[in-house]
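structure of the sequence below:
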Amino acid sequence: MKIVYIVEDFAENGGVERIVSLKANELSTKYGHDVTIVSVYKDERPVLYSLDKSIGFVRLDVPFATKSHRRIATLASRLATLARAASRLNKAVKQLNPDIIFFTTTLGALLLPFCRTKAKRVYESHLARPFNPYQQLFWLTKRSADAVICLTKGDMHAFGDGRNVQLIPNFIEQPKRSVADYSRKKAIAVGRLENQKGFDMLIDCWKRVSEQHPDWHLDIYGVGSLHDKLQEQIDQLCLNDYITLCGRSNNIMDVYPEYSLHIMSSRYEGQPMTLIEAQACGLPSVVFNFKFGAADIVQNGVNGIIVEQGDRKAFSEALCTMMSSEDMRKKYGQNAFEVGKQYFKNNVFSKWIELLEFISKA
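Predicted coordinates for the structure are as follows:
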């Protein structure tokens, strides 16, 4: 079967690019499908996620839309970019002649209705629809798609009136090792350094936490446009001895076991891969009850603590509670490992194979 994945920019260091690379590798090497990844935007940066040599890779080299202080000019540029992307995509699809096309990210949702093809079209909703700035346009996407795949129950509800809406969560590789020492006074947070991830809130909370637990250290892994601003916040709060911005890790699954507590301060999510990975490594988590996915993964008082979204005082108190008890961290961490196992590739990927079989026969 010929399968094509449409990705906005495969040079990005994000969860979408990572999960697409994992699925492409699995479908090609284990199941023998002919897989090609199409990256829409022009980006000279190297691809960060490894692809098997059997996987095709096509760049459409569509220039990014230009931003202007005039809204009409910005809108015109975006519409021109969308038209250019649709034209180049249709040419590429005609040459590739796929059986199934998976459209990912916002641009994928907008391109799907304009893709002229006999192939089955599937939209993967990696950013929950309610938080997508273009979600009002998705009515055409869901009417045109042969299936819509959501990562969480909340997002599935948002697409409830679409055709063939299904829930298939992200999966992870089974970690090589898990936390062995819960006495370590080290906490970890992972994600892009962008507003969505709420690291500004976490840094504020750590100011309170460090007063009660000065022997604890927080490491934040990730890169993004807010790096300098977050570092400035750390400097201003005199937290350089307590918080480190560690940059990107090439294998974060080997890093998690070096800690005894995971923290997720996101304002919203599609489905939090880092939360699943941390849990699978046996880390208890303190999380805001963001939409969507927090409550799907963390059961309060079992494998972590969930705090009402945006309540920084309660979040600080939850951190202190967890940091005060090694026994609690160990108990919650052991439960977390059992939760994480549900998302191992072998337990999830069969749903993708079933989808391919169903779509191909429809």
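
okay, CA-based contacts and neighbour counts for the rest of this
Noted.

in stretch 168-188, what's buried?
168-172, 174-175, 178-179, 182, 184-188 (16 or more other Cα atoms under 10 Å).

so for that stretch, mean pLDDT?
Stretch 168-188 shows a mean pLDDT of 95.

also stretch 325-340?
On average, stretch 325-340 scores 97.

stretch 194-214 too?
Per-region confidence: stretch 194-214 scores 97 on mean pLDDT.

next: stretch 124-134.
81.

okay, that stretch in CSV with CA atoms only?
Provided in CSV are the C-alpha atoms of stretch 124-134 (Å, rounded to 0.1, in the frame of the first residue of the first chain):
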residue,chain,number,x,y,z
GLU,A,124,-4.8,13.5,12.3
SER,A,125,-5.7,16.1,14.9
HIS,A,126,-2.4,16.6,16.8
LEU,A,127,-3.5,20.0,18.1
ALA,A,128,-6.9,19.8,19.8
ARG,A,129,-9.5,21.5,17.7
PRO,A,130,-10.7,24.0,20.3
PHE,A,131,-7.2,25.5,20.6
ASN,A,132,-6.6,25.7,16.8
PRO,A,133,-6.9,29.3,15.6
TYR,A,134,-8.4,28.1,12.3
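
residues contacting that stretch, please?
16, 102-106, 135, 148-151, 155, 158-159, 268-271, 292 (Cα atoms under 8 Å, 6 or more residues apart in numbering).

cutoff 7 Å now
Stretch 124-134 has contacts (Cα atoms under 7 Å, 6 or more residues apart in numbering) with 16, 102-105, 135, 148-151, 155, 158, 269-270.

can I see the domain layout of this protein?
2-171+345-361, 186-341 (automatic domain parsing).

coming back round to it: and the contacts of stretch 124-134, which are buried?
Buried subset of the contacts of stretch 124-134 (neighbour count, 16+ other Cα under 10 Å): Val16, Phe102, Phe103, Thr104, Thr105, Val148, Ile149, Cys150, Leu151, Asp155, Glu269, Gly270.

of the domains of the chain, which stretch is the most buried?
Mean neighbour count (mean count of other Cα atoms under 10 Å) peaks for domain 186-341 among those, with a mean of 20.

end to end on that one, go ahead and measure it.
From its first residue to its last, domain 186-341 covers 24 Å (Cα to Cα, to the nearest Å).

run the chain-centre distance for that domain.
15 Å (Cα atoms, centre = their mean, to the nearest Å).

what secondary structure does Arg184 sit in?
coil (DSSP: H, G, I helix; E, B strand; the rest coil).

separation between it and Leu82?
According to Cα to Cα, Arg184 stands 50 Å off from Leu82.

what do you get for Met1?
Per Cα to Cα, Met1 is found 28 Å from Leu82.

same check, this time on His157
Distance, His157 to Leu82, by Cα to Cα: 28 Å.

check Gly108 too.
Using Cα to Cα, we find Gly108 at a distance of 10 Å from Leu82.

just the strands from the chain, written as ranges.
2-7, 34-41, 56-62, 100-104, 120-125, 147-150, 165-167, 186-190, 217-221, 243-247, 261-264, 285-288, 304-307 (DSSP state E).

for the first one, what is the distance to the chain centroid?
Centre-to-centre, strand 2-7 and its host chain are 18 Å apart (Cα atoms, centre = their mean).

angle of it against strand 120-125?
Counting by axes from the mean of the first three to the mean of the last three Cα atoms, to 10 degrees, strand 2-7 lies at 30 degrees to strand 120-125.

could we number from 36 for the rest of this?
Let's use 36 as the start, then, which means that last one is strand 37-42.

any stretches of the stretch 286-397 of the chain with poor pLDDT?
Applying pLDDT under 70 to the stretch 286-397 of the chain flags no residue at all.

how about 80 then?
For the stretch 286-397 of the chain, the stretches flagged by pLDDT under 80 are 305, 397.

tell me the angle of the helix ranked longest in the chain relative to strand 91-97?
Secondary structure of the chain per DSSP state H: the longest helix is helix 106-131. Put simply, helix 106-131 runs at 150 degrees to strand 91-97, going by the same axes, to 10 degrees.

which strands and helices lie in contact with helix 106-131?
Where contact means 3 or more Cα pairs under 7 Å, 6 or more residues apart in numbering; DSSP states H and E, helix 106-131 is packed against strand 91-97.

pull the CA atoms of the strand it packs on into CSV?
Extracted in CSV, the C-alpha atoms of strand 91-97 (Å, rounded to 0.1, in the frame of the first residue of the first chain):
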residue,chain,number,x,y,z
GLY,A,91,10.6,8.6,0.5
PHE,A,92,11.0,12.3,1.4
VAL,A,93,9.6,15.2,-0.7
ARG,A,94,10.0,18.9,0.0
LEU,A,95,7.5,21.2,-1.6
ASP,A,96,9.6,24.2,-0.7
VAL,A,97,6.6,26.6,-0.2
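
contact partners of it?
The contact list for strand 91-97 (Cα under 7 Å, 6+ apart) reads Val70, Thr71, Ile72, Val73, Ser74, Val75, Tyr76, Lys77, Arg119, Ala120, Arg123.

if anything else comes up later, I'll come back, but that's it for now.
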